[in-house]
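> Could you look at this predicted model? Sequence included:
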Amino acid sequence: MQPIDAFVIKQLADKQLVPNASASKRELIRRAYFDLIGLPPTPADLAAYAGKYASPEMPATLTFAVTGNALTLAIGDAPPVKLRPTYRDAFDAPPMSYRFLRDANGKVIGLSAGTARA
């Protein structure tokens with residue numbers, strides 16, 4: 001036992017408290033994930049990305065929508081797919097990644113799409 005552990009256990013015992021049980025491997029991974037990328041975006045956060053995006057370089061319009069607590073993407077007439085947040089303003093739907101662009105005031109003004117590279 002490390003000195004800091006002994007100190008904390010004594011402080012808890014003095015207040016008649018007991019330490020929490022050890023976290024499971026799943027919980028430790030979840031905590032590390034949130035430490036690295038932050039909490040998942042809320043539906044209100046996701047609403048900033050909703051809309052239609054088109055480009056002369058793309059043969060179809062990309063439509064982003066909020067469905068429940070997730071951002072979805074429909075390309076042309078294809079059914080929507082759920083996107084996975086990877087970091088602020090960025091989402092994955094393998095093999096593609098999407099990053100939303102913001103202006104100096106924080107407003108979403110565009111989109112960058114590409115494939116992941118090793």
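That came through, no problem.

> How about the contacts made by the residue most central in space within the chain?
The centre of the chain sits closest to Pro85, judged by C-alpha atoms, centre = their mean, with a distance of 3.3 Å. The neighbours of Pro85, taking C-beta atoms under 8 Å, 6 or more residues apart in numbering as the test, are Ile37, Pro40, Pro41, Leu71, Phe91. (C-beta placed from N, C-alpha, C; glycine too.)

> Can you show me the CA trace of the lowest-mean-pLDDT helix or strand in the chain as CSV?
Ranked by mean pLDDT, DSSP states H and E, the helix or strand of the chain with the weakest confidence is helix 25-37, at a mean of 86. Taking only C-alpha atoms (Å, rounded to 0.1, in the frame of the first residue of the first chain), the coordinates of helix 25-37 have been written out as CSV:
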residue,chain,number,x,y,z
LYS,A,25,-12.0,-3.2,-16.5
ARG,A,26,-15.0,-1.9,-18.5
GLU,A,27,-15.5,1.0,-16.1
LEU,A,28,-11.8,1.9,-16.2
ILE,A,29,-11.8,1.9,-20.0
ARG,A,30,-15.0,4.1,-20.0
ARG,A,31,-13.3,6.6,-17.7
ALA,A,32,-10.2,6.7,-19.8
TYR,A,33,-12.3,7.2,-22.9
PHE,A,34,-14.1,10.1,-21.4
ASP,A,35,-10.8,11.6,-20.1
LEU,A,36,-9.4,11.5,-23.7
ILE,A,37,-12.3,12.7,-25.8
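
> So which elements touch that helix?
If contacts are counted by 3 or more C-beta pairs under 8 Å, 6 or more residues apart in numbering; DSSP states H and E, helix 25-37 sits against strand 84-87.

> Which SSE is immediately downstream of the strand it packs on?
Using DSSP states H and E, the next helix or strand after strand 84-87 towards the C-terminus is strand 90-93.

> Show me which positions of the helix or strand just after that following strand end up buried.
Following strand 90-93 in sequence order, the next helix or strand is strand 96-102 (DSSP H and E). For strand 96-102, a neighbour-count test (16 or more other C-beta atoms under 10 Å) marks Met96, Ser97, Tyr98, Phe100 as buried.
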